[in-house]
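Peer 1: dropping a prediction and its sequence here:
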Amino acid sequence: MEEASRPLSDIPAINRFLSYCRIRTVPSKTVIIHAGDLPDVLYYIVSGSVEVMIEDEEGNEMVLAYLNKGQFFGEMGLFYEQPTRSAWVRTRQQCELAEMTYPRFRQLAAESPGLVFELATQLATRLDRTNR
């Protein structure tokens, strides 16, 4: 009983976010996002690991990033009016993923600005790594 009440994160804004999410278990090697999909859902990795990929001109997979527990993905559509997703995201192992629609995230972010700060911090960290 005590285990169920334990927070999933040490960050209050993330715990609030998770309390509003649909959380599902996804098997290893499952494609979560396909390039070309409509961008309408934000994901958070509760446990496990995913890889973000694109295809080059010859159709070869190129891994752009590995993301792990505590990281968001699928956030680009929140900030850019892009008609479709630009990359694939596939689980590397069994994952627990939290999902929230963009409209719901925007509503929750208006009520909990700390959530936007957590997402922005992750984006800044990724950008910093890319520039090294």
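Peer 2: Yes, it's here.
Peer 1: quick one: end-to-end distance for stretch 13-31.
Peer 2: Distance across stretch 13-31, first residue to last, is 28 Å (CA to CA, to the nearest Å).
Peer 1: ignore the last one, stretch 23-37
Peer 2: Taking CA to CA, the first and last residues of stretch 23-37 lie 20 Å apart.
Peer 1: could you do stretch 82-96 as well?
Peer 2: Using CA to CA, the two ends of stretch 82-96 sit 27 Å apart.
Peer 1: contact partners of stretch 91-110?
Peer 2: Residues outside stretch 91-110 that contact it (CB atoms under 8 Å, 6 or more residues apart in numbering): 16-18, 20-30, 32, 39-51, 66, 77-78, 115-116. For glycine as for every other residue, the C-beta is placed from the backbone atoms N, C-alpha and C.
Peer 1: ok, 6 Å please
Peer 2: 18, 20-23, 25-28, 30, 40-44, 46-51, 78, 115-116 (CB atoms under 6 Å, 6 or more residues apart in numbering).
Peer 1: tell me the contacts of P83?
Peer 2: Contacts of P83 by CB under 6 Å, 6+ apart: none found.
Peer 1: 10 Å instead?
Peer 2: Residues counted as contacts of P83 (CB atoms under 10 Å, 6 or more residues apart in numbering) are 36, 38-39, 77.
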